[in-house]
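J.: Here is the input, now give the coordinates:
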Amino acid sequence: MAREIVQKDAAVLRAIAQEIPKEDIGSSSVRALVKDMKALLAKEKYGVALAAPQVGESVRLFIVAGSALAKRSKAMKNGKEEDAEDMGTIPAEDQVYINPKLSKLSRTKKEKHEGCLSVRGKWGMVARAEKASVRALDENGKAFTRGASGLLAHIFQHEMDHLNGILYTDKAKELYDDTDEPSDV
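T.: Predicted coordinates:
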């Protein structure tokens, strides 16, 4: 059975996701989940990240699309003002975060438009910390820490909320309908 992105009424989106045991990270089931999530994310024109609960798996894993971030970083280098956020050095491949933990959040918050692949057709304004750091394991079980500001910091917080059973609509100051497809953050 092929995985699909579940929508806002799915119970899995309101559950607190379980950690993946370190010894299971290289397993065929976790590798298949990562592969399926990457494939689903690649099909989404506006998607920039995807959490495992969004595909029906209540485990602590999310993926940030390297392609979306690389495009944003490239646009920033070309001096496009609308994309001028500090993204740091962004690799072109998708970034896998297993058992992530927010290790730092700035006190300063900034509102941004957010959407979600599990809440189609809606957008909202959400205030989140401007800077965030995440400690996690990669898909090979290697520990790493990644700090971010701007969009990537917002993405980290949005995806961590998914792992804790929270949707951005729970935090949005304003919600509105949109005829265009939403993105995760």
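J.: Low-confidence bits of the protein, can you list those?
T.: Applying pLDDT under 70 to the predicted model, the residue ranges of the chain that meet it are 1, 68-91, 179-185.
J.: so what's Asp24 closest to, chain neighbours aside?
T.: Closest residue to Asp24 apart from its sequence neighbours, by C-beta to C-beta, 6 or more residues apart in numbering: Val30 at 5.7 Å. From N, CA and C alone the C-beta is placed, and that goes for glycine too.
J.: typo on my end, Val96
T.: With C-beta to C-beta, 6+ apart as the criterion, Val96 has its nearest non-adjacent residue at 4.4 Å, and that residue is Glu139.
J.: ok, now Glu4?
T.: Sequence neighbours aside, Val55 is the residue nearest to Glu4 in space, at 7.0 Å (criterion: C-beta to C-beta, 6+ apart).
J.: And His162, by the same measure?
T.: Counting by C-beta to C-beta, 6+ apart, Ala51 is the residue found nearest to His162 once chain neighbours are left out, at 3.6 Å.
J.: what bridges to the one you found?
T.: Phe62 (DSSP bridges).
J.: one step back: surely the residue nearest to Asp24 is within a helix?
T.: Yes - for Val30, which was evaluated using DSSP: H, G, I helix; E, B strand; the rest coil, the result is membership in a helix.
J.: that older thread, verify the stated contact: the residue nearest to Glu4 with Gln7.
T.: No - under the contact definition of C-beta atoms under 8 Å, Val55 does not touch Gln7, with a separation of 11.6 Å.
J.: hmm, back to that, checking the residue nearest to Val96 next. Helix, strand or coil?
T.: When the structure is split into helix, strand and coil by three-state DSSP, Glu139 lands in coil.
J.: show me what contacts it?
T.: Ile25, Val30, Arg31, Val34, Val96, Ile98 (C-beta atoms under 8 Å, 6 or more residues apart in numbering).
J.: Looking at those, which is nearest His158?
T.: Using C-beta to C-beta, Val96 comes nearest to His158 of these, at 16.3 Å.
J.: which phi and psi does that closest one have?
T.: The phi/psi pair for Val96 (degrees, to the nearest 10) reads phi -100, psi 130.
J.: ok, so what distance separates it from Val55?
T.: The span separating Val96 from Val55 equals 14 Å under the rule C-beta to C-beta, to the nearest Å.
J.: With Val64 instead?
T.: 15 Å.
J.: How about Ala32?
T.: Counting by C-beta to C-beta, the gap from Ala32 to Val55 is 11 Å.
J.: Which stretches in the protein count as strands?
T.: Under the criterion DSSP state E, the chain carries strands at the ranges 49-51, 61-64, 95-105, 109-116, 119-129, 131-137, 143-149, 174-177.
J.: can I get the ones you listed in CSV with mean neighbour count and distance to Ile20?
T.: Below are the strands of the chain laid out as CSV (neighbours: other C-beta atoms under 10 Å; distance: least, C-beta to C-beta, whole Å):
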stretch, mean neighbour count, distance to Ile20
strand 49-51, 28, 13
strand 61-64, 26, 6
strand 95-105, 18, 6
strand 109-116, 19, 22
strand 119-129, 18, 25
strand 131-137, 20, 8
strand 143-149, 15, 13
strand 174-177, 10, 32
